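J.: coordinates only, sequence not included:
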Ligand SMILES: CCCCCC/C=C/C(=O)SCCNC(=O)CCNC(=O)[C@H](O)C(C)(C)COP(=O)(O)OP(=O)(O)OC[C@H]1O[C@@H](n2cnc3c(N)ncnc32)[C@H](O)[C@@H]1OP(=O)(O)O
C-alpha cells in the first residue's frame, strides 16, 4: 500500500505542473528565506574567516543572485577585483539554487565554528579572558583552546606558544573532563610563525636558536604530559608542528576540507613534536618518510587512512557532528578517563621526552643552517608558498 501511495503521489505531482511548481516554489522560498538569514548572520561573525573564505562567500553570493559570471575579467594590476572575478568565475554554471544552498551551508559552518566557543561570563580577573592569541572557554565539561590569529592562518607566534602552554596547564587542573584544540577562520593552524626566526636580538642567531630550542622543548612536553583526553578538532588545513603534534593528541577529528603538510626538508628543517617516533610507529617508516622527508601533503581522507586522523566529516556538518560527539564524551567519568589515558600513554612518556629532546637539538643546528635561512627568506620575499 505504501508503495502504491508513493507512486500515486509522484504521479499527482507530475500530472499537475502547478502543484509541482508550488512544491518546488515552496522549497525555493525556504532557501531564499535561509539565504536572507545567512546574509544577516554573516554580519555577526566575530573572527575574520580569512581571504579564501571571504572570496568564496563573495562568489557564491554573486552566483546565487546574478547567476554565472558574465562580466569582463579585470586587468592584471587590479588585484582585488581580479581575485573576486576569478572566485566567481570558478563556480562555472552551477545553478542559483545550488549556489544559494552552498552559501547558506558555508555561513552556517562559520557561525557554528564560533558557536561552541560561548565565552563564559568572564568576571574580573578571570584568567580565561587574559589571552591575546587564544580564546579559552569551558562549557559542557569541555575546555576549548581556540587558536585565534585567523588573519595569520593561526600561525604560532612566541606569545602563542607560551599561551597554549598556559592554557594546557589550566585545563589540566580545571573541572573539565576533556580538552579540545581547534582553529578560528579557514585554517586549523599554519604551524610555526616564520617571523619567529627573524627577531634576532643583540646576542645573535645562536642565542635565538638556543631560545627557540628551549621553547619548543617546553611546548611539546606540555602535550606529552597532558593528563586528560586531548582532542584536536581540525577545522581546516594544518601545517608543520600543527601536523606533527597531532601524534600526541588522543583523538583527531577533521573536516574533509583539511589538509596535512609537514614541509620540513622544503624549509631546511627536521621533524619535531615527537613525529620522528610517533609517525613511523603509527603508519610505518616509508609512509612517515613521504610526509616528514619528502613533504607529501595529505588530504583528510589520506591522513585518516594512515591513522593520523581518527574520523573525517563533511565540512557542512563537521561542527555539528563533532561537538555533539564531544559533548557525549564529556559526560563520562573524569577520573576514569584520566587514569585510562595514563595506562595508555604512561609507558611511553619517558621515550617521548627523549625523542623531543633529540629533535630539538637537531632543530637548533638546522635553524642556523644556510638551507633553513634561505627557505625562510624566500617565504617572506613571497618567492615561495607551500
Ligand atoms: C620557536 C620556534 C619553534 C619552531 C617549531 C618548529 C615548527 C616548524 C613548523 O611549523 S614548519 C612550518 C611553518 N609554516 C609554514 O611554512 C607555512 C607558511 N605559510 C604559507 O605557506 C602560506 O601562508 C599558507 C600556505 C599557509 C597559506 O597561504 P594563503 O592561503 O595564500 O594565505 P597567506 O599566505 O596570504 O596567509 C595570510 C597571512 O598569514 C601569514 N602567514 C600564514 N602562515 C604563516 C606562517 N607560518 N608564518 C608567518 N606568517 C604566516 C601570511 O604571511 C599572510 O600574512 P600577510 O597577510 O601577508 O601579512
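T.: That came through fine. Note that this is a predicted model, so its numbers are computed, not measured.

J.: how about the residues of the protein by the ligand?
T.: Neighbours of the ligand within the chain, by Cβ under 6 Å from any ligand atom: 52, 152-153, 155, 190-196, 212, 215-216, 239-241, 263, 267, 269, 272, 379, 385-386. The way it works is simple: take the backbone N, C-alpha and C, and place the C-beta from them, glycine included.

J.: so for the helix or strand hosting residue 31, what's the average pLDDT?
T.: Taking DSSP states H and E as the definition, residue 31 sits inside helix 17-42. Mean pLDDT, computed over helix 17-42, is 60.

J.: and for the residue of the chain found nearest the ligand, nearest residue in space, chain neighbours not counted?
T.: Residue nearest to the ligand within the chain (Cβ to the nearest ligand atom): residue 240, separated by 2.2 Å. Distances taken as Cβ to Cβ, 6 or more residues apart in numbering place residue 191 nearest to residue 240, at 2.6 Å, with adjacent residues excluded.

J.: what sits against that neighbour?
T.: By Cβ atoms under 8 Å, 6 or more residues apart in numbering, the contact set of residue 191 is 155, 156, 238, 239, 240, 241, 242, 243.

J.: make a PyMOL selection of the buried ones in those.
T.: Listed next is the PyMOL selection for buried residues among these, using 16 or more other Cβ atoms under 10 Å:
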select buried, resi 155+156+238+239+240+241+242+243
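
J.: tell me which element the residue lying closest to residue 84 once chain neighbours are set aside is part of?
T.: Nearest residue to residue 84 in three dimensions, chain neighbours excluded: residue 58, at 5.6 Å (Cβ to Cβ, 6+ apart). Assigned by DSSP H and E, residue 58 belongs to helix 51-66.

J.: that helix packs against which elements?
T.: Helix 51-66 sits against helix 17-42, helix 79-89, helix 96-114, with contacts defined as 3 or more Cβ pairs under 8 Å, 6 or more residues apart in numbering; DSSP states H and E.

J.: okay, and which of the contacts of residue 191 map to helices?
T.: Among the contacts of residue 191, the members found in helices (DSSP state H) are 241, 242, 243.

J.: turn those into a markdown table, including pLDDT.
T.: Compiled in a markdown table, those are given as follows (pLDDT from 0 to 100):
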| residue | pLDDT |
| --- | --- |
| 241 | 98 |
| 242 | 98 |
| 243 | 98 |
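
J.: for the contacts of residue 191, which one is nearest residue 357?
T.: Nearest to residue 357 among these: residue 241, at 16.0 Å, using Cβ to Cβ.

J.: can you pull the contacts of that closest one?
T.: Contacts of residue 241 (Cβ under 8 Å, 6+ apart): 156, 191, 192, 272, 273.

J.: do the same with residue 292
T.: 244, 262, 264, 271, 275, 276, 279.

J.: just the ones in helices from the residues you listed, please.
T.: 244, 275, 276, 279.

J.: could you report the pLDDT at the second one?
T.: At residue 275, the predicted lDDT confidence score is 98.

J.: tell me the pLDDT of the closest residue to it other than its chain neighbours.
T.: In this structure, residue 275 finds its nearest non-sequential neighbour in residue 244, 3.6 Å apart by Cβ to Cβ, 6+ apart. pLDDT for residue 244: 98.
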